[in-house]
Structure formats: structure tokens, C-alpha cells
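>>> just coords:
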């Protein structure tokens, strides 16, 4: 079931000219790179987490309430979390929450059935940004 749902999301990514890579281990479940129009997913994600993370990362591309300047600050600070200012952490959390909201809207719009684990995955992911 998840495989068909993932294929629907990948078609949207291709239509938006966004590359999706999932061939190596990365420090997070997923990352978005706006400059190269790339979504990178950890290769070892279970299918439900793969689907949800792909939707979440696409949610960053479709609409993100953060300005491009703030996005760069947020992306830079992801790898240096201990050096992030409180303001950067709050901005990152705001961007992440927006992407999760967008993920849910995207799923509905393109007809993707969200797994029952969606809220649990979302909660765990947001916890890493607190």
C-alpha cells in the first residue's frame, strides 16, 4: 500500500522538478535542499516513515512560511543545533510545523492515504527540533 502512495508523491516531485534521493544514510529522516531542488531521505526508513517524510519534505517546497533568508539560516543551523540561537530554533520549529501541515494538505490534494502512524511520526520529528 505505501509503495503506491509513495509513487503518487514522487510523480508530484518530478512534475515540480524536484529530485528525490534515498540511497544513503543521513543524520535526519529527510532533508530539503532548495538550491539544488533536492529531497534526500534516509535509505533505511520503514515504508510508512518514508511516505510521511517525503510528504513533509515536499511540504517545505510547496509553501513554507519562512522567507528564503530565514530558510538558509535554518538549514545552516540544523547541523549546528547546539550553536543555534533561541530565535533560530523558534524559526526552525515554525518552518517544521508549517511543513507538517502542508504534508497533510498535500496528501489530501493528491489523493494519498496517510498511514495511521502519521501523527506519531510527526510528533517524534517535531521533538527533535525543540
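Cool, got the structure. Worth saying up front: this structure is predicted, and the values here are computed from it rather than measured.

>>> make sure residue 20 is indeed in a strand.
Yes: under DSSP: H, G, I helix; E, B strand; the rest coil, residue 20 sits within a strand.

>>> since we're on it, how many residues are nearby?
17 (other CB atoms under 10 Å). Quick note: C-beta positions are derived from backbone N, CA and C, even for glycine.

>>> so what pairs up with it in the strands?
residue 39 (DSSP bridges).

>>> thought it was touching residue 13?
Yes: in this structure, residue 20 is within contact of residue 13 by CB atoms under 8 Å, at 5.2 Å.

>>> which residues do these two both contact?
39, 54 (CB atoms under 8 Å, 6 or more residues apart in numbering).

>>> what residues are up against the closest residue to residue 54 other than its chain neighbours?
The spatially closest residue to residue 54, leaving aside those adjacent along the chain, is residue 9, at 5.1 Å (CB to CB, 6 or more residues apart in numbering). Going by CB under 8 Å, 6+ apart, residue 9 touches 51, 54, 55, 58, 106, 110, 112.
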